[in-house]
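[1] please work out how this folds:
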Amino acid sequence: MDKKNALRAGALAAGTTLMMLLMSSPALALTRDDGDDPGTGLSVIETLGLYVVAPIALFVIIAVLVMVLDRSKEEHRVTSRNIKTRPKADAKV
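    Okay, the predicted model is just below:
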């Protein structure tokens, strides 16, 4: 890509990012909407549990289930024990 197209793409990306940031201003969060009824905030422990511990736990559970329920045959798995190499035909012995 030449410099002119790269400059054009960069300007477009920067302009799009700037417009998105301006349109989603945090200042708009200060005004309450009709029917808005927020609950109590989460504590630090609840936040860490919900956004850190729960995803890690789900990942571990899914990984364990995949390993336990794996029904593939041993001879179909590629391991260092079952790789058979052939000598090259033009190799000198």
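
[2] right, and the helix or strand after the lowest-mean-pLDDT helix or strand in the chain?
    None of the helices or strands of the chain scores lower by mean pLDDT, DSSP states H and E than helix 3-23, at a mean of 90. Following helix 3-23 in sequence order, the next helix or strand is helix 44-48 (DSSP states H and E).

[3] and the next helix or strand past that next one?
    Downstream of helix 44-48, the next assigned helix or strand under DSSP H and E is helix 54-68.

[4] can you give me how far the least confident helix or strand of the chain is from the chain middle?
    Relative to the chain's own centre, helix 3-23 is displaced by 25 Å; criterion: Cα atoms, centre = their mean, to the nearest Å.

[5] again, but for stretch 32-39
    32 Å.

[6] try stretch 66-73
    24 Å.

[7] got it, and stretch 36-46?
    Worked out by Cα atoms, centre = their mean, stretch 36-46 lies 26 Å from the chain centre.

[8] so what touches it?
    Leu50 (Cβ atoms under 8 Å, 6 or more residues apart in numbering). Heads up, the C-betas are built off the backbone N, CA and C, glycines and all.
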